[in-house]
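Novice: sequence first, predicted model second:
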Amino acid sequence: MAAAEKFEGGCDCRFARYRLARTPLFVHCCHCRWCQRETGSAFVVNALIETECVELLDGAPDMVMTPSASGKGQNIARCPHCRVALWSHYAGAGPRFAFVRVGTLDDPDRFPPDIHIFTTSKQPWVILPEGVPVMREYYDREMYWPKESLERHAAVVAKAST
Ligand SMILES: [Zn+2]
Ligand SMILES: [Zn+2]
């Protein structure tokens, strides 16, 4: 896929618009109870990407600190008007990585999950597809991410520590 490919998205009221400058590092489908509450649904689909690759086109989001399973909180970027959640930063991955809500992309079909996580609390009617890794809880990035994504991740971490 072309490096120049861009992926736009935004909220319901169209105040907040963003663009992903690259393809995501990896796409999580999380079935934990926290994500179920936050979406009011059965799971969330999050595209992990370098925060610097999330380009704001219009309308600055509000950052809303929200309790998380780790106890350290999750900072969720929401449209200040319609309050749709666009992406978030978890304490674990830190502010340099964004978890973009795939459903807010104009073409969400483009990024299906690369992995299903926290499936111990998966709602029983959700049938997972063959061929996609299924984790009862979290997972080891080194074992599942493509080499290119691991290199991009390492580059961000290296830059932050200089
Ligand atoms: Zn909005
Ligand atoms: Zn979750």
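Specialist: Perfect, thanks for sending it. Ligands and ions are numbered 1, 2, ... in the order given.
Novice: what residues does stretch 64-73 touch?
Specialist: 32, 34, 38, 74-78, 88, 90-92 (CB atoms under 8 Å, 6 or more residues apart in numbering). Heads up, the C-betas are built off the backbone N, CA and C, glycines and all.
Novice: from ligand 1, how far off is the closest residue to residue 53 other than its chain neighbours?
Specialist: Nearest residue to residue 53, sequence neighbours excluded (CB to CB, 6 or more residues apart in numbering): residue 21, at 4.3 Å. Going from residue 21 to ligand 1 by CB to the ion, to the nearest Å gives 22 Å.
Novice: residue 131 now?
Specialist: Remark: distance between residue 131 and ligand 1 (CB to the ion) = 36 Å.
Novice: what about that residue, neighbour count?
Specialist: 5 (other CB atoms under 10 Å).
Novice: doesn't it belong to a strand?
Specialist: No - applying DSSP: H, G, I helix; E, B strand; the rest coil, one finds residue 131 to be coil, outside a strand.
Novice: measure it to residue 115 for me?
Specialist: Taking CB to CB, to the nearest Å as the measure, residue 131 falls 11 Å from residue 115.
Novice: how many neighbours does residue 145 have?
Specialist: 19.
Novice: on the pLDDT front, check it for me.
Specialist: Note for residue 145: predicted pLDDT of 98.
Novice: that one contacts residue 153, doesn't it?
Specialist: Yes - counting by CB atoms under 8 Å, residue 153 is a contact partner of residue 145 at 7.3 Å.
Novice: top helix in the protein by residue count?
Specialist: Counting residues, the longest helix found in the chain (DSSP state H) is helix 147-160.
Novice: strands of this protein, start to end?
Specialist: 7-10, 17-20, 26-30, 44-50, 54-58, 62-66, 74-78, 85-90, 97-101, 115-117 (DSSP state E).
Novice: mean pLDDT, distance to ligand 2 and mean neighbour count for the ones you listed - can I get that in JSON lines?
Specialist: Listed next are the strands of the chain as JSON lines, based on pLDDT from 0 to 100; distance: least, CB to the ion, whole Å; neighbours: other CB atoms under 10 Å:
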{"stretch": "strand 7-10", "mean pLDDT": "98", "distance to ligand 2": "20", "mean neighbour count": "20"}
{"stretch": "strand 17-20", "mean pLDDT": "98", "distance to ligand 2": "21", "mean neighbour count": "20"}
{"stretch": "strand 26-30", "mean pLDDT": "98", "distance to ligand 2": "3", "mean neighbour count": "23"}
{"stretch": "strand 44-50", "mean pLDDT": "98", "distance to ligand 2": "6", "mean neighbour count": "23"}
{"stretch": "strand 54-58", "mean pLDDT": "97", "distance to ligand 2": "20", "mean neighbour count": "13"}
{"stretch": "strand 62-66", "mean pLDDT": "97", "distance to ligand 2": "12", "mean neighbour count": "13"}
{"stretch": "strand 74-78", "mean pLDDT": "97", "distance to ligand 2": "9", "mean neighbour count": "21"}
{"stretch": "strand 85-90", "mean pLDDT": "97", "distance to ligand 2": "10", "mean neighbour count": "22"}
{"stretch": "strand 97-101", "mean pLDDT": "98", "distance to ligand 2": "10", "mean neighbour count": "24"}
{"stretch": "strand 115-117", "mean pLDDT": "98", "distance to ligand 2": "7", "mean neighbour count": "20"}
